[in-house]
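**Q** build the 3D model from these lines:
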Amino acid sequence: MVNLKKRLNKTCRMIVLAVCALLVIPAMALQLKDNAPQTYTVKKGDTLWGIASVFLNEPWLWPELWRTNTQINNPHLIYPGDVITVGFVNGEPVLSVTRDKPSLVLSPNTDRRVKSSPIDVLDWSAIAPFIKQHTFLDETSYDLLPKILGNQDGNVRFASDDYVLGEKQISTDSQYRVVRKQDTITNLQGEILGVQVTHVSTASSIPEGQTDNAMLLFIDDANQEARRGDKLLEGGFDYPDNLTLKPSTSQRGHVVGDLHDHNLLGKYDVVIVDLGAMDVEPGTVMGLYVQGPDIIDETTPRYVNEPGVSGGGAWFNDTVMQPAMKVGEVIIFKTFDAASYGLITRASKGVKHGFIVANP
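**A** Next up is the predicted model:
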């Protein structure tokens with residue numbers, strides 16, 4: 001009995017230490033890259049995230065790097081042609097910005113002041129295709145969407161310029177997106193978070209073709225052929241105009257899916273995480289972490305997932321939980337009720353479902 005208590009105490013201490021190693025990520029001092037330039041001239045197409053990556057290994061810390069400069073704190077006040085200069089305040093690096101007043105010469109005797117477009121926080125061209133082609137719905141909402149029934153020719157597939165019948169929808173909206181269920185997304189406990197759907201085509205209702213239980217639709221702008229049973233979603237997929245980036249704090253979740261059913265994901269792939277709009281908001285920067293399997297500390301150590309180890313290891317064994325190791329970063333750019341989309345901006349190894357997302 002005494003030996004059993006000692007083993008239990010030792011096991012508890014090891015579990016506590018492992019949990020602390022997993023959850024506590026120390027604050028890092030703000031440091032410039034070894035090869036960071038002294039000045040940088042902003043170019044068309046630059047983003048605050050990209051510029052911060054020139055100076056920092058942790059670009060989500062850009063508000064700290066520019067904390068003393070009111071111009072750079074506002075991403076809408078940074079323009080191509082601005083010169084960003086490195087300085088130091090109390091030994092800490094900071095950036096300042098200078099610019100020439102832009103002008104456009106119209107004739108030898110006339111000129112007009114012009115203002116270029118401000119740079120974005122993040123390059124929306126990398127995100128827009130995902131926002132425009134994918135969305136996430138709760139299971140009930142998806143099931144209630146009207147569906148395509150068929151057409152007069154008895155076809156099962158439909159292309160651009162085809163007329164089809166869809167289930168009657170009580171709505172004043174005449175524009176629909178034809179969407180198809182791609183996957184049902186669950187958390188690591190197997191609970192359903194929602195349905196991932198993909199855009200197939202657009203469709204317009206034809207008022208003259210309405211019946212008591214169906215509506216006539218014209219298929220246009222098809223990415224792929226529509227099918228019987230595809231769903232009709234009103235309107236478009238909305239998205240924010242810009243993002244305000246900030247690091248996450250205590251949020252912790254997992255990668256539970258992606259947009260293309262890949263086994264390994266990398267930079268600029270989009271992942272689905274099991275954190276909803278109540279947990280995170282667009283612009284939240286999170287670290288990606290991977291944790292190895294628990295180890296049973298016996299005469300010959302074993303992993304709990306090895307063949308022959310039942311139940312993940314007996315509770316009375318000395319089980320060592322491995323600390324999570326950081327392998328990348330992800331920016332949350334779209335949130336839903338029970339899940340969110342995130343863009344991988346850095347990855348030192350292939351990202352898989354089950355990876356941890358936490359403060360960066």
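
**Q** please count neighbours and contacts with C-alpha atoms only from this point.
**A** Fine.

**Q** worst mean pLDDT across the helices and strands of this structure, which element?
**A** Comparing every helix and strand of the chain by mean pLDDT, DSSP states H and E singles out helix 2-23 as the least confident one, with a mean of 40.

**Q** what pairs with the following helix or strand past that one, parallel or antiparallel?
**A** Note on helix 2-23: by DSSP states H and E, the next helix or strand toward the C-terminus is strand 39-41. Looking at strand 39-41 with DSSP bridges, its partner strands are strand 83-89 (antiparallel).

**Q** alpha carbons of the strand it pairs with, as CSV, please.
**A** What follows is the C-alpha trace of strand 83-89 in CSV, where atoms were taken according to Å, rounded to 0.1, in the frame of the first residue of the first chain:
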residue,chain,number,x,y,z
VAL,A,83,10.2,54.8,-45.0
ILE,A,84,10.2,52.8,-41.8
THR,A,85,13.3,53.3,-39.6
VAL,A,86,14.5,51.2,-36.6
GLY,A,87,15.2,53.1,-33.3
PHE,A,88,15.5,52.2,-29.7
VAL,A,89,13.7,53.5,-26.6
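
**Q** got the buried residues for it?
**A** Within strand 83-89, the residues that count as buried by 16 or more other CA atoms under 10 Å are 83, 84, 86.

**Q** tell me the one among those nearest to residue 331.
**A** The shortest gap between residue 331 and any of the buried residues of strand 83-89 belongs to residue 84, at 24.4 Å (CA to CA).

**Q** neighbours of the residue nearest to that closest one when sequence neighbours are not counted, how many?
**A** Spatially, and ignoring its direct neighbours in sequence, residue 84 is nearest to residue 97 (4.5 Å; CA to CA, 6 or more residues apart in numbering). Around residue 97 sit 20 other residues, with neighbours defined as other CA atoms under 10 Å.

**Q** any idea which helix or strand carries residue 97?
**A** With elements taken from DSSP H and E, the one containing residue 97 is strand 92-98.

**Q** sorry, back to before: pretty sure the residue nearest to residue 84 contacts residue 81?
**A** No: between residue 97 and residue 81 no contact is recorded; they are 10.2 Å apart, counting by CA atoms under 8 Å.

**Q** okay, now the unreliable bits of this structure?
**A** For the chain, residues meeting the criterion pLDDT under 70 lie at 1-30, 60-77, 100-131, 171-172, 236-242, 308-317.

**Q** helices along that one, start to end?
**A** Secondary structure of the chain (DSSP state H): helices at 2-23, 48-55, 62-65, 70-73, 128-133, 139-144.

**Q** show me what the last one is in contact with.
**A** Contacts to helix 139-144, defined as CA atoms under 8 Å, 6 or more residues apart in numbering, come from residues 193, 194, 195.

**Q** swap the cut-off to 6 Å and go again
**A** Helix 139-144 is touched from outside by 194, 195, with contacts defined as CA atoms under 6 Å, 6 or more residues apart in numbering.

**Q** so which bits of it are buried?
**A** Residues of helix 139-144 classed as buried by neighbour count (16+ other CA under 10 Å): residue 142.

**Q** tell me how far it lies from the chain's centre.
**A** Per CA atoms, centre = their mean, to the nearest Å, the displacement of helix 139-144 from the mean C-alpha position of its chain is 23 Å.

**Q** then stretch 31-40?
**A** Worked out by CA atoms, centre = their mean, stretch 31-40 lies 28 Å from the chain centre.

**Q** tell me the span between the first and last residue of it.
**A** Between the opening and closing residues of stretch 31-40 lies a distance of 17 Å (CA to CA, to the nearest Å).

**Q** and what of stretch 215-226?
**A** In terms of CA to CA, the two terminal residues of stretch 215-226 are separated by 16 Å.

**Q** so which bits of it are buried?
**A** By neighbour count, with 16+ other CA under 10 Å as the criterion, the buried positions of stretch 215-226 are 215, 216, 217, 218, 219, 220, 222, 226.

**Q** name the strands paired with the strand holding residue 97 and say parallel or antiparallel.
**A** When DSSP bridges is applied, strand 92-98 pairs with strand 83-89 (antiparallel).

**Q** which residues sit against the strand it pairs with?
**A** Strand 83-89 is contacted by residues 38, 39, 40, 41, 93, 94, 95, 96, 97, 98 when judged by CA under 6 Å, 6+ apart.

**Q** count of residues packed around residue 38?
**A** That count, for residue 38 with other CA under 10 Å as the rule, works out to 11.

**Q** skipping adjacent residues, who's closest to it in space?
**A** Spatial nearest neighbour of residue 38, excluding adjacent residues (CA to CA, 6+ apart): residue 86 at 5.3 Å.

**Q** and residue 176, by the same measure?
**A** Across the structure, with CA to CA, 6+ apart as the measure, the residue nearest residue 176 apart from its sequence neighbours is residue 234 (4.6 Å).

**Q** ditto for residue 159
**A** Nearest non-adjacent residue to residue 159, counting by CA to CA, 6+ apart: residue 225, 5.0 Å away.
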